[in-house]
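# curious how this folds, go ahead:
(one chain, ligands or ions: 2)
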Amino acid sequence: MPTASSLQHTAALEAPNDLLVLIPAFNESACIAGVLSELWEILPGCAVVVVDDCSRDATAQLAEQAGAQVLRLPHHLGLGGAVQAGYKLAYELGYEVVIRIDGDGQHDPRDIRRIYDTLKETGVEMVIGSRFLPESSGYKTTFLRGLVIRFFRLMLRPILAQPVRDPTSGFVGVNRAALELFSRVFPLEYPEIEALVVLQRCVFRFREVPCSMRPRAGGQSSITLWKSVYYIVHVLLGVFVNILKMDVRRLGGR
Ligand SMILES: Nc1nc2c(ncn2[C@@H]2O[C@H](COP(=O)(O)OP(=O)(O)O)[C@@H](O)[C@H]2O)c(=O)[nH]1
Ligand SMILES: [Mg+2]
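Ligands and ions are numbered 1, 2, ... in the order given. Presented below is the predicted three-dimensional model:
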């Protein structure tokens with residue numbers, strides 16, 4: 001099996017016209033222009049929407065100057081709300097595939113093609129760019145994040161009925177069926193893990209493919225130590241509420 005880095009495409013290929021790249025961004029003025037120029041170098045002509053969540057810096061202006069469509073949210077919604085706004089827009093515009101990347105340069109746009117091809121070839125509803133498959137590029141996360149990821153892996157195993165190596169990855173591609181679902185139902189704050197549960201409850205499928213993960217190109221992560229604790233509690237509650245909701249519906253409730 002080739003590694004994520006050896007799979008990188010050497011020549012730029014024109015972007016598929018049913019693909020939209022979605023970039024949620026909050027205070028990413030240090031990185032956003034570089035992220036967009038690298039993306040278009042790898043995927044010329046690729047449709048992109050940057051969802052600006054009331055950034056306090058020049059993220060929105062810089063993204064527009066670089067040539068991206070920018071969806072400026074009137075209120076700060078948080079990551080999940082911003083991603084869902086992008087999904088709704090993509091659904092209305094008729095896109096077949098939406099791939100989300102971060103606005104900080106951590107995701108390598110060379111991996112987008114692998115996520116797109118896997119969605120098309122396998123017919124699964126979601127493809128996760130995973131940092132932790134044997135073929136991934138050996139990304140080292142912090143000790144605390146590593147623990148959190150291992151905890152959620154174990155917790156999700158029986159819920160999803162299949163293993164997931166990288167449940168917190170934000171490098172995610174969805175097809176139109178998942179897009180329709182997530183336009184209606186999507187977690188508001190930290191969406192990745194809960195979205196997997198929502199998907200599983202609708203008997204949709206996902207796969208993981210290797211991807212590389214790089215250090216931030218600039219700026220600061222939104223996840224601090226205290227936010228990590230909040231994250232764990234919030235996501236745990238969200239997962240169980242989703243399970244309960246679905247079970248109530250199955251029993252004929254509302
Ligand atoms: N729209 C929106 N994007 C956010 C928010 N928080 C983080 N992001 C974006 O989500 C992506 C991942 O966030 P980041 O802080 O890098 O998280 P980390 O990679 O887990 O450290 C980046 O593109 C951020 O700009 C938010 O509240 N709203
Ligand atoms: Mg990041």
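
# need the longest helix for the protein.
In terms of residue count, the longest helix belonging to the chain (DSSP state H) is helix 225-250.

# hey, where'd the helices end up in the chain?
Using DSSP H, the helices found in the chain span residues 32-42, 59-66, 79-93, 112-122, 143-160, 176-184, 191-201, 225-250.

# ok now the third one, how far from the chain's centre?
Here helix 79-93 shows a centroid-to-chain-centroid distance of 12 Å under the convention C-alpha atoms, centre = their mean, to the nearest Å.

# can it be found next to ligand 2?
No: Helix 79-93 stays out of contact with ligand 2 when judged by C-beta under 5 Å from the ion, the minimum separation being 10.7 Å. For every residue, glycine as well, the C-beta is placed using N, CA and C.

# other SSEs contacting that helix?
Secondary structure elements in contact with helix 79-93, counted by 3 or more C-beta pairs under 8 Å, 6 or more residues apart in numbering; DSSP states H and E, are strand 19-25, strand 47-52, strand 69-72, strand 97-100, helix 176-184, helix 191-201.

# cutoff 10 Å now
strand 19-25, strand 47-52, strand 69-72, strand 97-100, strand 172-174, helix 176-184, helix 191-201 (3 or more C-beta pairs under 10 Å, 6 or more residues apart in numbering; DSSP states H and E).

# one step back: dump the helices of the chain to a markdown table, plus mean neighbour count.
Converted to a markdown table, these look like this (neighbours: other C-beta atoms under 10 Å):
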| stretch | mean neighbour count |
| --- | --- |
| helix 32-42 | 20 |
| helix 59-66 | 20 |
| helix 79-93 | 20 |
| helix 112-122 | 19 |
| helix 143-160 | 14 |
| helix 176-184 | 19 |
| helix 191-201 | 23 |
| helix 225-250 | 14 |
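
# quick one: these as a markdown table, columns for mean pLDDT and distance to residue 213 too.
Output for these, formatted as a markdown table (pLDDT from 0 to 100; distance: least, C-beta to C-beta, whole Å):
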| stretch | mean pLDDT | distance to residue 213 |
| --- | --- | --- |
| helix 32-42 | 98 | 14 |
| helix 59-66 | 98 | 21 |
| helix 79-93 | 98 | 17 |
| helix 112-122 | 98 | 14 |
| helix 143-160 | 92 | 12 |
| helix 176-184 | 96 | 23 |
| helix 191-201 | 89 | 14 |
| helix 225-250 | 80 | 18 |
